[in-house]
Structures are given as C-alpha cells and as structure tokens.
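A.B. asks: Following is a predicted model, sequence given first.
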Amino acid sequence: MLFLLMAGCVENKHSTNDLITVDVTAKYPYKELILQDFMDVEYIPLETTDEFLCQGNIWAVGKNVIVATNFNFSGDIFLFDRKGRALKKINRKGQGNEEYALFNRIVLDEEKEEIFVNDISKKILVYDLYGNFRRSFPYKKGVEYYYQLTNYDKEHIICWDGSGESNPKAVESPSFYILSKSDGSIIKEINVPLNKRTSTLIILSRDEKTHMTYSLANTPNPIHKFRDRILLNEPSSDTIYRYSDEKGLIPYMCRIPSIHSMNPEIFLYTDIITDKYDFMRTYEKARNGEEKDLVYDKQQKTVYHCTLHNKDYKYQKYLRLKGKNINDEIASVESLDAFDLVNAYKKGYLQGELKEIASKMTEEDNAVIMLMKHKK
C-alpha cells in the first residue's frame, strides 16, 4: 500500500478528493504566468509630506484605510486612505503599559476602527485609528510568540504558535490558536499532528561565554485565508491542512520526502490561494539556501516551477505572490520603490496606469502600492 501511495504521488495524478502531492526535490516543468491574466491590479501612490515619509511596508488594506510602516523599527504607523492620501501617523513606541516595544504584526479591524499590534513583549495592544489606547492582553503562559496574526472572522484572530522554533521538544503544544478580539482569550487550540519538531532557524554560531546564539530565520507565512478556505502550514508537518470549524483539520497537501528525512531540510511553504492556482515555494535550510517558486494548477492538477510577470512593468525586480494575508478582495500587495519606478519610466519599461503615475513622480517620493486583487 505504501509503495502504491508513493507511486501515485510521484506520478502527480490526483482525483478530485486526493491530496495534492509535492516532491520538494523534483524538477517540475516551467510555467510562465502573466499576473493580469488571473488578477486585477490597482496602483496607489502614497502621498509624500514632511510628516509622511513612508517606505511602504504594508500590513493591512481595508475598504477605506491602508496601514503601513517603514522597514526600520522607528515605531511609526502610517494610515492612508484608499487613494493614498495621508490620514494619520501613530507612534506609541515605549516601555509603558499602553505602548509597544517592537511589533511583528499589525491587524486591521476596519468595522470596529481598531488596529491590533503584536508586540515582542508577549502582548497584543489595541488602538483606535487615531492612536488612542483601548486595551491589551498578554500571550498564553509559556508561549514564546504569536506569529502571523490574521483576521479569522469579525470577532476572532487566528495565529501560529512559534514556540517550536526555539523549543524543538514542544511536540505536544498546539500549533495554532483562535483568539477573541475583545480580551485575547483562546477560543480554540488547533493541534496539527506531529512526531517531532523541526525548526526553520539556521544556527550560524554560538558564543560559549555569553551563551548567545546567532541565527538566520526564514519563517513561513503559516496561515493563508481566502473566502471559506483556510490553509494551515506547520513547517514540522509533512501535511498542509485545510481547516474549518465544522470539520476541523482536513489534509489538503502533502510533501515528499518527509521533512524529517532530509539534511539539509527543504521546507515547503504555501503562499497565496486563488481560484485557479495555489502558489508555493521551497526553501533549503542552509546559509545560502536555494528558494524556488512553485504553483499548483487546479485545472490541470499539476505542479510547475513558475515565473510571474507584470505586463505593466518590464524587468520588474521582484514579483511573487507571497507575504501577508490581506483579505478576500486582495490576494497580495507589493511596494514599488519610487527610485526604481522613475528610472524604469525613463528607460521605457512601464506602460498603462503605472507609466502615468511614474511620469509625475520624483525619486524621493513615497512608494507606490501595487494591489493584486482576485478577479470577480
């Protein structure tokens, strides 16, 4: 039975109810995709003022509000409207009970006009859209950090428990939590079946005197939500699950060979889910580990290595459907640097709306935000 199962996986043939099987060592055929063939694209130039110097690190996009920061740790949180006009700059960085030290995630609840700031001090702080403190709640005791907070529904947030990154023996701890937005209480613990933990951290060196460890991280985005579909990607598991309140964990995708049989390990990370494609990538756990983009074509039921092109921007430096969950309208977001856009315009690399925007820009302007939206 095991032989037949493995043979079926290698052949990459699936019935409607079969798992998607991905061999992380395979040389799949290449597929070139044009973004606009399956996504609608919207470009938003962020307004530049003396107070609003923003590099365009986008955390959330609502119907009326965009939440952004810089890529440094200044503590500034910028709010723009959907036209890119500057609305408000918030900075509550500090050591007080109502302040954050260093955040790794911001979640927008536009309906309640709140932002949730996930702080390294093991607490989540909630502010209104003017920066006024509303409430905070601590992590569950014993949890190192909540990772990739994501809106689950109107009343709840879902997140990954990243404790296994620093504690490989934490096999029995839950992989994911569903939290109340009102008080942070854990509504549900989701346990992905594990035999052992595998950390994604790459240890570079250890200082025996100070016991400090220096490492590189290539942490996945373990939660991907699209309409009624939620994929949960626990790096230590060979199976990626689809989750629902009614049915719990449902196997959705399996990777071969097992992550626990490899040295160095090659991780399979899911990325954006669309109606036609599931985007993925493999990552080799090494100092200069190789990373490859994959896509599963749902109609052809086949895995490909893929290259993604934006027809509006010839030779765009970096385009991948990767990163933060946005919402059911917007699959992904890319920040286009003003310096690069102005130079691309001068070289004739741009067309359409993007060309028109870049023609009015200077190299010192704020970024242009590229929204990649699901076609209706």
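C.D. replies: Received it, and whenever you're ready, just let me know what you need. Numbers count the residues shown, from 1 in each chain.

A.B. asks: Please tell me the pLDDT value assigned to Tyr28.
C.D. replies: Note on Tyr28: pLDDT of 97.

A.B. asks: contacting residues for it?
C.D. replies: Residues in contact with Tyr28, defined by C-beta atoms under 8 Å, 6 or more residues apart in numbering, are Leu294, Val303, Tyr304, His305. Where C-beta positions appear, they are placed from N, C-alpha and C, glycine not excepted.

A.B. asks: do you know how far it is from Asn72?
C.D. replies: 38 Å (C-beta to C-beta, to the nearest Å).

A.B. asks: and what of Thr198?
C.D. replies: The separation that Thr198 has from Asn72, given C-beta to C-beta, amounts to 31 Å.

A.B. asks: neighbour-wise, which of these two wins?
C.D. replies: Using other C-beta atoms under 10 Å, the more surrounded residue of Thr198 and Asn72 is Thr198, with 20 against 9.

A.B. asks: wait, is Leu354 part of a strand?
C.D. replies: No: under DSSP: H, G, I helix; E, B strand; the rest coil, Leu354 falls outside any strand and is assigned helix.

A.B. asks: For the closest residue to it other than its chain neighbours, give me its contacts.
C.D. replies: In this structure, Leu354 finds its nearest non-sequential neighbour in Asp312, 4.5 Å apart by C-beta to C-beta, 6 or more residues apart in numbering. Contacts for Asp312 (C-beta under 8 Å, 6+ apart) come out as Gln36, Val41, Leu350, Gln351, Gly352, Glu353, Leu354, Lys355.

A.B. asks: pLDDT wise, what is the fourth one at?
C.D. replies: What it means is Gln351. 96.

A.B. asks: Would you confirm that it contacts Ala344?
C.D. replies: No: contact criterion C-beta atoms under 8 Å: Gln351 and Ala344 do not qualify, at 10.5 Å.

A.B. asks: Looking at those two, which is more packed in?
C.D. replies: The neighbour comparison of Gln351 against Ala344 (other C-beta under 10 Å) goes to Ala344, with 21 against 12.

A.B. asks: Can you verify my assumption that the more buried one contacts Ser359?
C.D. replies: No: between Ala344 and Ser359 there is no contact under C-beta under 8 Å: 11.2 Å.

A.B. asks: Name the nearest residue to Asn118, ignoring sequence neighbours.
C.D. replies: Per C-beta to C-beta, 6+ apart, closest to Asn118 is Arg105, 3.9 Å.

A.B. asks: Doesn't that neighbour lie inside a strand?
C.D. replies: Yes: assessed with three-state DSSP, Arg105 lies in a strand.

A.B. asks: contacting residues for it?
C.D. replies: With C-beta under 8 Å, 6+ apart, Arg105 has these contacts: Trp59, Phe116, Val117, Asn118, Tyr146, Tyr147, Gln148, Leu149.

A.B. asks: can you put those residues in CSV and add distance to Lys317?
C.D. replies: What follows is the contacts of Arg105, written out as CSV (distance: C-beta to C-beta, whole Å):
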residue, distance to Lys317
Trp59, 22
Phe116, 32
Val117, 30
Asn118, 29
Tyr146, 32
Tyr147, 27
Gln148, 25
Leu149, 29
